[in-house]
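A.B. asks: What follows is a predicted structure for the sequence shown.
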Amino acid sequence: MKNVSRILFSVVLLAMFTGLSAQAQTLKLATVDIGKVFTNFYKTKLAQQNLDESKNKLLKDETSMMEDLKKADGEHQSLLAASNDSALSADERDKKKQAADLKFKQIQESKAALDQYDRSAKQNLASQLQRVHDKILGEIRDAVQSKGKAGGYTMVIDSSAETVTQTPMVVYNNGQVDITDDVLKQLNAGAPIDFNTKVPPVSPSLLGTNRP
């Protein structure tokens, strides 16, 4: 969860005991594995399902457009061959040549339309991914803050975070004050009963990382 951790800046700071002086405060720390929470949050899995459906539709549409292009190219080649067929009259060959030129123009226009569709669809998918990613992270942050305040913690640290040198932010954690499961329980309280059996595993693209 490298990118997720960076987005959350590795630490969710909770302001506690505002009426007390800094010297009088006693730190009470907890940890949370944001990577685990993000991956197992039911809304992440449902978002993955929606994203996969959008990708499948894009693939289906582009496959159909490619098949049409292949068919048109075959027709173009046939017209070109006919335009050079000595068995046909000069007038017929000229008509075939004009038809071939028109077909070639149509093919070029179809290719341009396919390229534009591909770019637009991928941009829309990227925007959809970013919106969902940010929304889910926001809900996770709120849940962590809620649990942190309820537990009276001064600070909740993301145990899955990494530094800019890709080393663990937390080098030791005995797990005794880990609130990951509590956060997940709160977030998944409203999940459909059978959501685990309906949705695919979360892909690296939704997590914002190439690491499995």
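C.D. replies: Thanks, I have it.

A.B. asks: In the protein, what helix or strand scores lowest on average pLDDT?
C.D. replies: For the chain, using mean pLDDT, DSSP states H and E, the weakest element among its helices and strands is strand 11-13, scoring a mean of 41.

A.B. asks: avg pLDDT for the helix or strand that that strand is followed by?
C.D. replies: Downstream of strand 11-13, the next assigned helix or strand under DSSP states H and E is strand 29-32. Strand 29-32 shows a mean pLDDT of 93 in the predicted model.

A.B. asks: List the buried residues in strand 29-32.
C.D. replies: Judged by neighbour count using 16 or more other Cβ atoms under 10 Å, the buried positions of strand 29-32 are 30-32. To be clear about C-beta, it is placed using only N, CA and C from the backbone, and glycine gets the same treatment.

A.B. asks: same question, stretch 141-151
C.D. replies: Buried positions in stretch 141-151, judged by neighbour count with 16+ other Cβ under 10 Å: 143-145, 147-148.

A.B. asks: Point out the ones among those residues that are inside strands.
C.D. replies: Of those, none are assigned to strands by DSSP state E.

A.B. asks: Export those as a markdown table, with columns for distance to residue 86 and pLDDT.
C.D. replies: Listed next are the buried residues of stretch 141-151 as a markdown table, based on distance: Cβ to Cβ, whole Å; pLDDT from 0 to 100:
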| residue | distance to residue 86 | pLDDT |
| --- | --- | --- |
| 143 | 79 | 95 |
| 144 | 80 | 96 |
| 145 | 82 | 95 |
| 147 | 84 | 94 |
| 148 | 86 | 93 |
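
A.B. asks: Now the two most distant members of those residues.
C.D. replies: Largest separation among the buried residues of stretch 141-151 by Cβ to Cβ: 143 and 148, giving 9.4 Å.

A.B. asks: re earlier: could the buried residues of strand 29-32 be laid out in CSV, adding distance to residue 46?
C.D. replies: Formatted as CSV, those follow (distance: Cβ to Cβ, whole Å):
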residue, distance to residue 46
30, 28
31, 27
32, 22
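
A.B. asks: Could I get the full set of helices for this protein?
C.D. replies: Using DSSP state H, the helices of the chain run over residues 2-7, 34-40, 42-83, 90-150, 180-187, 195-198, 204-207.

A.B. asks: Please work out which of those helices is packed deepest.
C.D. replies: Comparing these by mean neighbour count (mean count of other Cβ atoms under 10 Å), helix 34-40 comes out on top with a mean of 22.

A.B. asks: Show me what that one is packed up against.
C.D. replies: Applying 3 or more Cβ pairs under 8 Å, 6 or more residues apart in numbering; DSSP states H and E, one finds that helix 34-40 contacts helix 2-7, helix 90-150, helix 180-187, helix 204-207.

A.B. asks: if you set the cut-off to 7 Å instead, what comes out?
C.D. replies: Counting by 3 or more Cβ pairs under 7 Å, 6 or more residues apart in numbering; DSSP states H and E, the packing neighbours recorded for helix 34-40 are helix 2-7, helix 90-150, helix 180-187.
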